[in-house]
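Student: coordinates only, sequence not included:
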């Protein structure tokens, strides 16, 4: 495991920013950290990167405890915060040399040359950072987070504010990097998570409400949505008596949208129809994308 959290809780006065959160992240996984604003994502990243301590629980990074071995943890982590703080008056190469020396990187010049090639900064390496486009500034931020060759990258909204072409470029970089390193990616872009990430961690109100592989999202059935039409009208409260149903919406005459917290509730709906002397005229299960799951688990 590269990151392991166990019963992690963080209190700000009496408010729980994180509430008994546990998860494991394996090597060379790209993991999407998602949730509404104020859900606890930033707090989690700050604890992992040793910026703030947890109130309860344990976090280990590459086997090191974040409280007892914070220096070793920081050696193994590269962090790109959302606001990407850079020295705008420094030149790209000069800045990366500066960061490499802070980390006491051996053969700093070779390390800088390698990272410039990997991140695609060759054309801009002799420019001032302040003169770069936002896309290239993000590349510089990625380069500084990787200059010491960490095992883990933590990226907070790395494509925020970029144009569509720049977004694709940064996503492709993240996928490339993820083949060699573990990446924890915080984002509000659900398409980005589905495109880039192997796994998702969904936090809502400080609680971990989903922890699943992105490819298995549908079969893991975090939710299912069914459109059913009966031969006559009925009281929707009777539908809510079916175990597993969380929401029923009347769409039009005799037609209802049913949201359930299990994989496939169609057989239960047929049983309900037989029991209540109803005929099912049509029944369709809607394909769930990550945006739908996010909405239903966090609204």
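Tutor: Nice, thanks for sending it over. Treat the numbers as computed from the prediction; the structure is a model and nothing was measured.
Student: end to end on stretch 280-299, go ahead and measure it.
Tutor: 30 Å (C-alpha to C-alpha, to the nearest Å).
Student: correction: stretch 245-258
Tutor: Across its full length, stretch 245-258 reaches 7 Å end to end, with C-alpha to C-alpha as the criterion.
Student: ok now that stretch, how far from the chain's centre?
Tutor: Per C-alpha atoms, centre = their mean, to the nearest Å, the displacement of stretch 245-258 from the mean C-alpha position of its chain is 31 Å.
Student: how about it: buried residues?
Tutor: Across stretch 245-258, burial judged by 16 or more other C-beta atoms under 10 Å covers 245, 247-248, 256, 258. Yep, even glycine has a C-beta here, placed from its N, CA and C like the rest.
Student: would you list those in JSON lines and tack on distance to residue 186, secondary structure and pLDDT?
Tutor: Putting the buried residues of stretch 245-258 into JSON lines (distance: C-beta to C-beta, whole Å; DSSP: H, G, I helix; E, B strand; the rest coil; pLDDT from 0 to 100) gives the following:
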{"residue": "245", "distance to residue 186": "32", "secondary structure": "strand", "pLDDT": "85"}
{"residue": "247", "distance to residue 186": "28", "secondary structure": "strand", "pLDDT": "85"}
{"residue": "248", "distance to residue 186": "34", "secondary structure": "strand", "pLDDT": "89"}
{"residue": "256", "distance to residue 186": "37", "secondary structure": "strand", "pLDDT": "91"}
{"residue": "258", "distance to residue 186": "32", "secondary structure": "strand", "pLDDT": "88"}
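Student: format those as CSV; extra columns: distance to residue 149.
Tutor: As requested, those are exported to CSV (distance: C-beta to C-beta, whole Å):
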residue, distance to residue 149
245, 51
247, 48
248, 54
256, 56
258, 51
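Student: closest one of these to residue 230?
Tutor: Lowest distance from residue 230 to the buried residues of stretch 245-258 (C-beta to C-beta) belongs to residue 256, with 7.8 Å.
Student: packing partners of the longest helix anywhere in the chain?
Tutor: The helix of greatest length in the chain, counted in residues with DSSP state H as the criterion, is given as helix 164-178. On a contact count with 3 or more C-beta pairs under 8 Å, 6 or more residues apart in numbering; DSSP states H and E, helix 164-178 meets strand 30-34, helix 134-146, strand 182-186, helix 190-196.
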